[in-house]
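Trainee: fold the following and give me the result.
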Amino acid sequence: MSGLVDVLAIVAVVVLVIARQFRPRRLDADRRWWVAPVVLIFLAVREPGLLDPGHRTASALLLGVELLIALVTGLGWAWTTRIWAAPDGAVWSRGSRAGVGVWITGIALRAGLAGLGAAFGLHQDTSALLLGLALTLLVRSGILAWRAQGLRPLPGQAGQRAAYGADVPRPLSKERV
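Mentor: Numbering: from 1, shown residues only. Here you go, the predicted model:
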């Protein structure tokens, strides 16, 4: 795949994911939430430009930092996403403003990392960015699927489970310290 096609695929996935983040979406943990990230991973690793042939060690280090940023971005995005159970037992999710902050921070860190690599003369293809995006999506989707399992009623269980944190009793007044 050419660099232009990689860039277009990355932009399309990011726009789609961010646009869908702010609308309530039904989570289906039983679905194949891992398919899209695995396809992106396949597309990233099949290209030869993942590591700079002239600087393999430095570009592998740069790729490792890229993947660490992607992992942390996926974790932050998953934990800033609000999830709740509807009265019918369906689990829903919606992104938050904090999630936008996580995305902006992740993108800024990746841009800074790419600039640092360019300053040292390292050339990495867009495959590294595609791999990082795939890891971000995989981590986020996996954590949301795991969190959603805790909200679903167990088979044969009467009643519905409330959203995370909804069953914490609120004090009637503030405690004096």
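
Trainee: pull out the buried positions in stretch 64-82.
Mentor: 65-67, 69-70, 72-74, 76-78, 80-81 (16 or more other Cβ atoms under 10 Å). In this view, the C-beta of every residue, glycine as well, is placed from N, C-alpha and C.

Trainee: need those in JSON lines (columns: pLDDT and distance to Ala108).
Mentor: Listed next are the buried residues of stretch 64-82 as JSON lines, based on pLDDT from 0 to 100; distance: Cβ to Cβ, whole Å:
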{"residue": "Val65", "pLDDT": "94", "distance to Ala108": "14"}
{"residue": "Glu66", "pLDDT": "93", "distance to Ala108": "13"}
{"residue": "Leu67", "pLDDT": "95", "distance to Ala108": "17"}
{"residue": "Ile69", "pLDDT": "97", "distance to Ala108": "10"}
{"residue": "Ala70", "pLDDT": "96", "distance to Ala108": "13"}
{"residue": "Val72", "pLDDT": "97", "distance to Ala108": "13"}
{"residue": "Thr73", "pLDDT": "96", "distance to Ala108": "11"}
{"residue": "Gly74", "pLDDT": "95", "distance to Ala108": "16"}
{"residue": "Gly76", "pLDDT": "96", "distance to Ala108": "13"}
{"residue": "Trp77", "pLDDT": "92", "distance to Ala108": "15"}
{"residue": "Ala78", "pLDDT": "94", "distance to Ala108": "19"}
{"residue": "Thr80", "pLDDT": "95", "distance to Ala108": "17"}
{"residue": "Thr81", "pLDDT": "93", "distance to Ala108": "20"}
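
Trainee: which of these fall within helices?
Mentor: Applying DSSP state H to those, the entries found in helices are Val65, Glu66, Leu67, Ile69, Ala70, Val72, Thr73, Gly74, Gly76, Trp77, Ala78.

Trainee: can you list the weak-confidence ranges in this structure?
Mentor: Residues of the chain meeting the criterion pLDDT under 70: 1-3, 6, 29-30, 152-177.

Trainee: which residues in it form strands?
Mentor: Secondary structure of the chain (DSSP state E): strands at 25-27, 82-85, 91-94.

Trainee: export the ones you listed to CSV and append columns for distance to Val39.
Mentor: Output for the strands of the chain, formatted as CSV (distance: least, Cβ to Cβ, whole Å):
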stretch, distance to Val39
strand 25-27, 20
strand 82-85, 25
strand 91-94, 22
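
Trainee: helices along this protein, start to end?
Mentor: Ranges of helices in the chain, per DSSP H, are 3-21, 35-45, 56-79, 97-119, 127-149.

Trainee: Ala98: what's it in contact with?
Mentor: Ala98 is in contact with Thr80, counting by Cβ atoms under 8 Å, 6 or more residues apart in numbering.
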